[in-house]
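> next input, structure requested:
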Amino acid sequence: MGLDVTFRGLEPSKRLRERAEEKFSKVTRHLTEPIEAHLVCLKEKHRLRAELTVHSAGDVLKVREEGDDMFASIDGSMNRLARAAKRLRERRISRGRGPLTVTDGFTIPDPD
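Sure, this is the predicted structure:
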């Protein structure tokens, strides 16, 4: 699990990075390993935007939240990501595929 945080147009902040990592760790329980995530915090004129792209076991989830406060934008993007991840997991289960699991590539022979 990795979360890369990039700041564009604003100063890098340890508090913002820690907040994003804290929120993302709660969202990862809905995702399947391996997880790679990239958060871009950017400022354009008076708007602050958080864009999050997550690669999880072959699925790509992208969310974007915009507002006047970067902390609120990060929280909103993490909430959207959690809803999208839950929806993806429920869709996979309802279609009879079950939750996606990662195996080592070994097959266990049937005991005959």
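> going forward, measure contacts between C-alpha atoms and count neighbours the same way
Fine.
> which helix or strand contains Lys26?
helix 14-27 (DSSP states H and E).
> please name every helix or strand in contact with that helix.
strand 2-8, helix 70-94 (3 or more CA pairs under 8 Å, 6 or more residues apart in numbering; DSSP states H and E).
> who touches the shortest one?
Spelled out, it's strand 2-8. 17, 21, 24, 35-43 (CA atoms under 8 Å, 6 or more residues apart in numbering).
> for PyMOL, write the select line for the buried members of those residues.
For the buried members of these, the matching PyMOL selection, counting by 16 or more other CA atoms under 10 Å, is:
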select buried, resi 17+21+24+35+37+38+39+40+41+42+43
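> for the residue nearest in space to the middle of the chain, give me its contacts.
Nearest residue to the geometric centre of the chain (CA atoms, centre = their mean): Val54, 4.5 Å. Taking CA under 8 Å, 6+ apart, we find Val54 in contact with 35-38, 60-62.
> sweet, I'm off.
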